[in-house]
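K.L.:
With the sequence up front, the predicted model follows.
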Amino acid sequence: MKLTAVHISLAICMLICLATTAFAQQDKFVGTWRGSYTLNGMVVSTEVIYMADGTFSAMQTSGNGYASRITGTYSFPSPGMIHYVNQDWTPKELHLPATEDDQYEFLSPTTFRSKPLLPGIPWMTSEKVQ
């Protein structure tokens, strides 16, 4: 099949549009977000810092004082989905999947809710604090 300049131009335009959409999604997330959810009757508070370079740092604290910290990268494989790669965490005894995919939707410019695709994890609403 012979590629014409029109085909090549269309392919380049599609790639630019996809990259622009991913950057626009990422730009909304950059900053510090706080939220909480209830799991098995226990309130879990979270703070996640999303950096412009595609990295994140998350801290979770449960009602009984248990705390965990996770760092890694994030990306947007499709609209309404965020993909996390967990690179480091403490405590090390924590059994985390290497990756996690969450559904998300913005309720306002400073509020979004998300839900991991993992079974049994509830929706969490987060608010931007910085």
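P.N.:
Cool, the structure landed.
K.L.:
now the residue nearest the centre of the chain, which residues is it bridged with?
P.N.:
The centroid of the chain falls nearest to residue 82 when counting by Cα atoms, centre = their mean (4.4 Å). With DSSP bridges as the criterion, residue 82 is bridged to residue 102.
K.L.:
Pull the contacting residues for residue 89.
P.N.:
Applying Cβ atoms under 8 Å, 6 or more residues apart in numbering to residue 89 gives the contacts 68, 69, 70, 71, 96. The C-beta positions use only the backbone N, C-alpha and C, and glycine is treated the same way.
K.L.:
quick one: contacts for residue 68?
P.N.:
Neighbouring residues of residue 68 by Cβ under 8 Å, 6+ apart: 59, 60, 89, 90, 91, 94.
K.L.:
let's go with 10 Å and repeat that
P.N.:
44, 46, 58-62, 89-91, 93-94, 96 (Cβ atoms under 10 Å, 6 or more residues apart in numbering).
K.L.:
What confidence value was assigned to it?
P.N.:
Note on residue 68: pLDDT of 93.
K.L.:
Give me the buried positions along the host helix or strand of it.
P.N.:
Assessed by DSSP states H and E, residue 68 sits inside strand 67-78. Residues 68, 70, 72, 74, 76 are the ones in strand 67-78 that count as buried (16 or more other Cβ atoms under 10 Å).
K.L.:
Show me the helices in the protein, by range?
P.N.:
With DSSP state H as the definition, the chain shows helices at residue ranges 5-29.
K.L.:
Closest one to residue 54 out of the buried residues of strand 67-78, please.
P.N.:
In terms of Cβ to Cβ, no member of the buried residues of strand 67-78 lies closer to residue 54 than residue 74, at 6.1 Å.
K.L.:
Hmm, the closest one is touching residue 84, no?
P.N.:
Yes: using Cβ atoms under 10 Å, residue 74 is in contact with residue 84, at 5.3 Å.
K.L.:
Mutual contacts of those two, please.
P.N.:
Common neighbours of residue 74 and residue 84, using Cβ under 10 Å, 6+ apart, are 48, 56, 58, 100, 102.
K.L.:
for the first one, which residues make a bridge with it?
P.N.:
Under DSSP bridges, the beta-bridge partners of residue 48 are residue 33, residue 58.
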